[in-house]
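>>> Got a predicted structure here, sequence first:
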Amino acid sequence: MSTWSSLADEALAGSVISRDAARAVLHAPADELLSLLDAAFRVRRHHWGRRVSLHVLENAKLGACPEDCGFCSQSSKHAAAGPTGEAGTGPARHASPSGEAPIKSADELVDAARRAFATRAKRYCMVTATRGPSQRDLDVICEAATRIKAEMDIELCASLGLLTEAKAQRLAASGVDRFNHNLETSERHYEKIVSTHSWRDRVETVRIAQRAGMDTCCGGIVGLGESEEDLLDLAYALRDLDVDSVPVNFLDARPGTPLEGYPLVEPGFALRSLCMFRLVHPRTDLRVAGGREITLRALQAFALYPANSIFTHGYLTTGGATAHADHQMIRDAGFELELASGEAVPADPEAMTKLASRQVPGRSPSLPIAH
Ligand code: SF4
């Protein structure tokens, strides 16, 4: 029995694999990549079968964020990177009282949820580029949440920055099932990337969301110049936080940000990282998130062996695969889709092609990863 298979047995038995073992996963030789993926897949299959859930992000409020996260092109601190010039296009926007970028209307957010539902997404996530939601933002998000939950069977997520207890309770009462707030990296490395809030602030928001009764989605970004120890710290910190979902992003460095010019993560390391996260988080909804397409390229389907969910139809500040391409990949690799109802259905690329020809593109201009 291989070392990797023994680790899968440990994870399946409910033990936490050791930090030394997790580090060894990151160093697995190329000749052992398939046996490592097989071990991660045994754990994934036990908890998630061959089901893949599609998640769709919607930029509810684009750019002009007062925070200074070094990887993010939505920060107003990175003057050359901002996507804010695009926020004023399209239908009228509601200016927030803070004078930050305007938020989309509830009608637009509900329309975007309909499009996500039509692509057979399990989850739809409304995202704002802010330190935290203003009352106006919260009004719009909560109205949209209530209407979406009344109209369609889709899991609803929000990613709105830092929360207070009252704001979290309001979101939960409006039907938001899950709140996203990433730790991004280790506490040690975080202060080299962000100065306007702390890693501890982020941990506190995750705990506030949990206390309000929402599931939590909390992950990070590989490729921020972190060490392997930082990546391991992140994986175990997320386990200690007992989050329900872990999105693993790979940096696609944005022009004009302090991280401009940072190299893409090597695809073999990206897959080993996903296997490490799966073995440390056996039951978690593990998502291969932003940077999937550009980092993994021809190896994207291999990510489905450790991960059980993907974003489709692009990210917040970069484009991504179309729903057609993702349905095709899932079907070609012999996986199936999981809907919000819990039902498993075949992926259907042909239906996605027809859908794309009918839909008027309603997404924000493609501008990776916020919060
Ligand atoms: S990651 Fe979120 S909080 Fe940080 S600058 Fe971007 S939008 Fe603002």
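Good, I have the coordinates.
>>> Which helix or strand contains the closest residue in space to residue 28 that isn't next to it in sequence?
Leaving out its chain neighbours, the residue that sits closest to residue 28 by Cβ to Cβ, 6 or more residues apart in numbering is residue 36, at 4.8 Å. C-beta: built from backbone N, CA, C; applies to glycine. Element membership of residue 36, judged by DSSP states H and E, is helix 33-48.
>>> name the helices or strands packed onto whatever helix or strand comes next after that helix?
Where DSSP H and E defines the elements, the next helix or strand beyond helix 33-48 is strand 51-61. Judged by 3 or more Cβ pairs under 8 Å, 6 or more residues apart in numbering; DSSP states H and E, strand 51-61 is in contact with helix 106-118, strand 123-128, helix 135-151, strand 309-311, helix 323-332, strand 336-338.
>>> Please identify the most buried of those.
strand 123-128 (a mean of 26; mean count of other Cβ atoms under 10 Å).
>>> how big is the angle separating it from strand 51-61?
Calculated by axes from the mean of the first three to the mean of the last three Cα atoms, to 10 degrees, strand 123-128 forms an angle of 20 degrees with strand 51-61.
>>> Alpha carbons of strand 123-128, in CSV - could you do that?
Output in CSV follows, covering the C-alpha atoms of strand 123-128 (Å, rounded to 0.1, in the frame of the first residue of the first chain):
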residue,chain,number,x,y,z
ARG,A,123,-25.0,27.9,-5.6
TYR,A,124,-25.2,31.5,-6.5
CYS,A,125,-23.0,34.0,-4.6
MET,A,126,-23.5,37.8,-4.5
VAL,A,127,-20.2,39.6,-3.9
THR,A,128,-19.5,43.2,-3.1
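>>> who are the neighbours of that strand, in terms of helices and strands?
Counting by 3+ Cβ pairs under 8 Å, 6+ apart, strand 123-128 packs on strand 51-61, helix 106-118, helix 135-151, strand 155-159, strand 178-180.
>>> so which of those gets nearest the ligand?
Nearest of those to the ligand, taken as Cβ to the nearest ligand atom: strand 155-159 at 8.1 Å.
>>> Can you tell me which helices and strands that closest one packs against?
strand 123-128, helix 135-151, strand 178-180.
>>> is it true that residue 234 touches residue 185?
Yes. Residue 234 is within contact range of residue 185, at 5.7 Å (criterion: Cβ atoms under 8 Å).
>>> Can you work out which residues contact both of these two?
220, 226 (Cβ atoms under 8 Å, 6 or more residues apart in numbering).
>>> Off-centre distance for the helix holding residue 36?
Relative to its chain's centre, helix 33-48 lies at 21 Å (Cα atoms, centre = their mean, to the nearest Å).
>>> can you check stretch 333-340 too?
Relative to its parent chain, stretch 333-340 has a centroid offset of 18 Å by Cα atoms, centre = their mean.
>>> could you pull out the helices for this protein?
3-12, 19-26, 33-48, 106-118, 135-151, 165-174, 187-193, 199-211, 228-241, 267-280, 292-296, 323-332, 349-358 (DSSP state H).
>>> out of those helices, which comes closest to residue 180?
helix 199-211 (8.8 Å; Cβ to Cβ).
>>> For that closest one, list every residue counted as buried.
Across helix 199-211, burial judged by 16 or more other Cβ atoms under 10 Å covers 199, 201-203, 205-206, 208-210.
>>> residues making contact with it?
Contacting residues not belonging to helix 199-211 are listed as 161-165, 168, 179, 181-184, 186-187, 190-191, 216, 218, 237, 241-243 [Cβ under 8 Å, 6+ apart].
>>> Now, of these, which are buried?
Those of the contacts of helix 199-211 that meet the buried threshold are 161-163, 168, 179, 181-184, 186-187, 190, 216, 218, 237, 241, 243, by 16+ other Cβ under 10 Å.
>>> Sketch out the low-pLDDT regions of the protein for me.
The chain contains residues with pLDDT under 70 at 1, 79-101, 314-321, 359-371.
>>> Spell out which parts of it neighbour the ligand.
Counting by Cβ under 6 Å from any ligand atom, the chain comes close to the ligand at 65, 67, 69, 72, 74-75, 129, 161, 370-371.
>>> Try it again at 8 Å.
For the chain, the residues found near the ligand under the criterion Cβ under 8 Å from any ligand atom are 65-69, 71-75, 77, 128-131, 161, 184, 194, 196-197, 316, 369-371.
>>> Mind checking which of those are buried?
Among the residues of the chain next to the ligand, those scoring as buried are 65, 67-69, 71-75, 77, 128-131, 161, 184, 194, 197, 316, 369-371 (criterion: 16+ other Cβ under 10 Å).
>>> Narrow the residues you listed to those in strands?
Judged by DSSP state E, these include residue 128 as members of strands.
>>> So what sits opposite residue 56 in the bridge?
For residue 56, the beta-bridge assignment (DSSP bridges) gives partners residue 124.
>>> Wait, it touches residue 114, no?
No. The pair residue 56 / residue 114 is not scored as a contact, 10.8 Å apart, by Cβ under 8 Å.
>>> one step back: pipe the helices of the chain into JSON lines and attach distance to residue 302 per row.
Listed next are those as JSON lines, based on distance: least, Cβ to Cβ, whole Å:
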{"stretch": "helix 3-12", "distance to residue 302": "14"}
{"stretch": "helix 19-26", "distance to residue 302": "15"}
{"stretch": "helix 33-48", "distance to residue 302": "6"}
{"stretch": "helix 106-118", "distance to residue 302": "26"}
{"stretch": "helix 135-151", "distance to residue 302": "33"}
{"stretch": "helix 165-174", "distance to residue 302": "35"}
{"stretch": "helix 187-193", "distance to residue 302": "27"}
{"stretch": "helix 199-211", "distance to residue 302": "29"}
{"stretch": "helix 228-241", "distance to residue 302": "19"}
{"stretch": "helix 267-280", "distance to residue 302": "6"}
{"stretch": "helix 292-296", "distance to residue 302": "7"}
{"stretch": "helix 323-332", "distance to residue 302": "11"}
{"stretch": "helix 349-358", "distance to residue 302": "19"}
